[in-house]
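> Sequence and computational prediction follow.
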Amino acid sequence: MTPRDRSAHRARPPLGLLTVLPVALASACMVAAPPFPTVPAWDALEQQPQGPEPDEKAIWDEAREALKEFLDDEHAYPDAALSTYLADLVVDLAPPLAKAAPTLSVRVIRDAEDDASALPDGTILIALPLLASFRNEAQVAFVLAHEIVHVTKRHSLLSKRYDATTRSHVDRMRFSRRLEAEADRDAIALMAEAGYPPREAAPSLTCIAHRDSEEDEGPAAWSSHGDLASRLSVIRAAARTTRASRGDARQERFERALDAHRLPAATIELEARRYDDALALVSRHLERRPDSGTAYVLRARIVGDRDPKLRRTDTVGADLERAIELAPDDPDALRALGLFLRDTGKAERSRALLHRYLTARPDAFDRKIIERYLAPTGG
């Protein structure tokens with residue numbers, strides 16, 4: 001998905017317009033849609049692609065400026081090891097490109113709503129919660145390959161040029177679906193060439209669809225991507241006929257690469273009130289790291305935030321007690337259990353834990369509040 005495609009996908013027509021849509025569509029059918037533009041792909045070496053062309057350079061510059069603003073707005077998730085891991089995947093997946101082609105790179109972003117997208121200058125963005133929700137490296141490979149195709153086939157340039165030829169939203173979305181279909185199809189070929197099983201493309205796409213918070217409104221003609229069932233059908237058919245269908249999904253390597261990032265991803269999900277997804281990530285973390293006190297604290301917080309009536313239950317208390325058992329000096333665990341005990345009437349132990357919390361974290365953001373709780377009057 002390109003950023004332009006994503007905005008088009010979300011910018012659906014007002015519901016009132018749907019009452020006149022049949023007439024509008026009938027009128028549109030009487031006017032031939034403009035022909036789709038073409039341009040040599042960056043991987044079509046036999047055509048010796050040149051560029052960037054002037055209008056293409058303009059969208060590169062616009063994309064870079066937008067990315068800078070986006071990352072400056074606390075969306076960056078800098079981690080050297082994770083960045084290197086993903087960069088290596090991109091190198092393995094990408095086809096040979098012309099010298100004039102943009103350099104492919106990948107950036108992880110801190111965002112619960114977006115999934116993955118490609119900028120025309122070669123930058124691929126992938127949201128940490130989406131990345132952490134995959135089950136193996138092959139599923140990541142499909143998404144990265146899909147975005148690589150958007151770059152190598154110069155889809156942003158093609159979209160810009162087609163938009164200039166028609167004001168019809170229906171025509172523009174038809175062209176967008178054509179580009180998405182090409183990205184799906186070619187991504188399967190790229191992941192197979194890199195040794196991944198194409199059968200993992202379908203669960204990868206399903207995972208993205210699960211995370212899409214936008215409801216489908218209006219007819220299919222307004223969609224930039226096409227319906228999920230049709231895309232899955234095409235992807236599965238392509239996977240069955242693609243060689244290397246028995247490739248290695250590389251699950252354990254993926255798990256190791258993401259072990260340190262599932263809890264940060266779960267926190268992002270929690271902040272977006274995606275409670276079920278947050279709990280799923282914590283559970284997966286505990287499967288691999290059952291001695292993680294931080295995970296128990298986070299799970300207790302998620303349960304309480306999802307349903308405040310559960311904040312004082314034995315289940316939450318048990319998670320916090322387990323966290324203290326695993327990490328006796330962890331400030332977050334001390335604070336969480338101390339406040340839990342205060343709320344459940346166990347004042348003496350609560351005070352002891354909150355004292356330890358302030359000692360462990362001298363610059364605590366809530367120091368004044370906790371000190372008020374610890375005062376002789378009890379706050």
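Perfect, thanks for sending it.
> for stretch 106-116, which positions count as buried?
Within stretch 106-116, the residues that qualify as buried are 106-112, 114-116, counting by 16 or more other CB atoms under 10 Å. Yep, even glycine has a C-beta here, placed from its N, CA and C like the rest.
> And the strands in the stretch 101-250 of the chain?
Per DSSP state E, counting those that start in this stretch, the stretch 101-250 of the chain has strands spanning 105-109, 116-118, 123-127. These are given in chain order.
> Ok, which of those strands comes nearest Pro198?
The stretch from those with the least distance to Pro198 (CB to CB) is strand 116-118; that distance is 18.1 Å.
> what pairs with the closest one, and is each one parallel or antiparallel?
Strands that pair with strand 116-118, judged by DSSP bridges, come out as strand 123-127 (antiparallel).
> So what's the gap between the partner strand and the chain middle?
8 Å (CA atoms, centre = their mean, to the nearest Å).
> Contact partners for Asp259?
Taking CB atoms under 8 Å, 6 or more residues apart in numbering as the criterion, Asp259 is in contact with 285, 288-289.
> Could you identify the buried members of those residues?
Burial by neighbour count, judged by 16+ other CB under 10 Å, picks out His285 from the contacts of Asp259.
> Would you mark the buried spots in stretch 321-332?
Applying a neighbour-count criterion of 16+ other CB under 10 Å, the buried positions in stretch 321-332 are 321-324, 326-327, 330-332.
> CA atoms only for it - export them in PDB, please.
Provided in PDB are the C-alpha atoms of stretch 321-332 (Å, rounded to 0.1, in the frame of the first residue of the first chain):
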ATOM      1  CA  GLU A 321       2.400 -10.600  42.800                       C
ATOM      2  CA  ARG A 322       4.100 -12.700  40.200                       C
ATOM      3  CA  ALA A 323       5.800  -9.600  38.800                       C
ATOM      4  CA  ILE A 324       7.300  -8.800  42.200                       C
ATOM      5  CA  GLU A 325       8.400 -12.300  42.700                       C
ATOM      6  CA  LEU A 326      10.300 -12.200  39.300                       C
ATOM      7  CA  ALA A 327      11.600  -8.700  39.600                       C
ATOM      8  CA  PRO A 328      11.600  -7.600  43.300                       C
ATOM      9  CA  ASP A 329      13.200  -4.200  42.600                       C
ATOM     10  CA  ASP A 330      11.300  -3.200  39.400                       C
ATOM     11  CA  PRO A 331       9.800   0.200  39.900                       C
ATOM     12  CA  ASP A 332       6.800  -0.400  37.700                       C
END
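> Can you name the residues in contact with it?
Everything outside stretch 321-332 that qualifies as a contact, by CB under 8 Å, 6+ apart, is 291-294, 296-297, 300, 333-334, 336-337, 353, 356-357, 360-361, 364.
> switch the cut-off to 6 Å
When contacts are taken as CB atoms under 6 Å, 6 or more residues apart in numbering, the neighbours of stretch 321-332 outside the stretch itself are 291, 293, 296-297, 333, 337, 357, 360-361.
> Looking at these, which are in helices?
For the contacts of stretch 321-332, the ones inside helices are 293, 296-297, 333, 337, 357, 360, with DSSP state H as the criterion.
> farthest pair in the residues you listed?
Within those, Tyr296 and Ala360 form the most distant pair, 17.2 Å apart (CB to CB).
> Who has more neighbours out of those two?
Neighbours around Tyr296 and Ala360, counted as other CB atoms under 10 Å, are more numerous at Tyr296. The numbers are 26 against 15.
> just checking, the more buried one touches Asp319?
Yes - look at Tyr296 against Asp319 with CB atoms under 6 Å: they come within range, at 4.4 Å.
> about what we covered before: turn the strands of the stretch 101-250 of the chain into CSV, columns for mean pLDDT.
Conversion of these to CSV gives the following (pLDDT from 0 to 100):
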stretch, mean pLDDT
strand 105-109, 97
strand 116-118, 95
strand 123-127, 97
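> Could you save the ones you listed as TSV and add columns showing distance to Pro40?
TSV is the format used below for the strands of the stretch 101-250 of the chain (distance: least, CB to CB, whole Å):
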stretch	distance to Pro40
strand 105-109	22
strand 116-118	18
strand 123-127	21
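> need the longest helix for the chain.
As far as residue count goes, and with DSSP H defining each element, the longest helix of the chain is helix 169-193.
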